[in-house]
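K.L.:
All I have is the shape, not the residue letters:
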C-alpha cells in the first residue's frame, strides 16, 4: 500500500484538489460579499484590501487536503483489498506524477510570488448565500440580481 500511496494516491489527491472544489458565495458580516473556495471547508477568498491577492486559511487548507487524501486512500484501499489488486503501469505513474508535479509547482509559484495573505484560521464571520461544485475553476461571481435580498 506504501507504493500505491506514492504512485497513485498522492498524485490523484493533488490533481483532484486542483480540479474539483466547492465555491461559497458568502456575505461577510460588516463587510462585502465574496466568493470563497474549498471543500469541505472554505480555505481561500479574495483579500478585502485589494483584488489582486487572496487570503489563504492554512488550517482549513490542511483539513481539505487531508479529506481529499483520505477519500482517495479509502477508495483505492477498498478496491485493492476487496475487489482486485492494483498494478499501476510505469507509464501511468510517470504521467500522474508529472501532471501533479506541474500543478503543485504552479500552485506554489502563485502562492509565493503573489501578494497573498496567509492566516492560520478564518478571523471573520460570514453568512453563506449560495454554494456549488466547481470544475477547473469555472465559477464566476454571481450577479447581484440573482440575489434580490442583498
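P.N.:
Now that the structure is in, tell me what you want to look at. Keep in mind the model is a prediction, meaning the values are calculated, not measured. Residues are numbered from 1 along each chain as shown.

K.L.:
only C-alpha atoms for contact and neighbour calcs from this point on.
P.N.:
Noted.

K.L.:
okay, now residue 81: neighbour count?
P.N.:
Other residues lying near residue 81 total 11 when counted by other Cα atoms under 10 Å.

K.L.:
start at 410 instead
P.N.:
In the new numbering, first residue 410, that becomes residue 490.

K.L.:
Would you map the helices across this structure?
P.N.:
411-413, 419-428, 467-487, 499-522 (DSSP state H).

K.L.:
Mean neighbour count, those: which tops it?
P.N.:
Among these, helix 419-428 has the highest mean neighbour count (mean count of other Cα atoms under 10 Å), at a mean of 19.

K.L.:
helices or strands up against it?
P.N.:
helix 467-487, helix 499-522 (3 or more Cα pairs under 8 Å, 6 or more residues apart in numbering; DSSP states H and E).

K.L.:
Those helices: lowest mean pLDDT?
P.N.:
Lowest mean pLDDT of these: helix 499-522, a mean of 89.

K.L.:
helices or strands next to that helix in the packing?
P.N.:
Counting contacts by 3+ Cα pairs under 8 Å, 6+ apart, helix 499-522 is packed against helix 419-428.

K.L.:
The helix it packs on versus helix 499-522: what angle between them?
P.N.:
Interaxial angle, helix 419-428 versus helix 499-522 (axes from the mean of the first three to the mean of the last three Cα atoms, to 10 degrees): 50 degrees.
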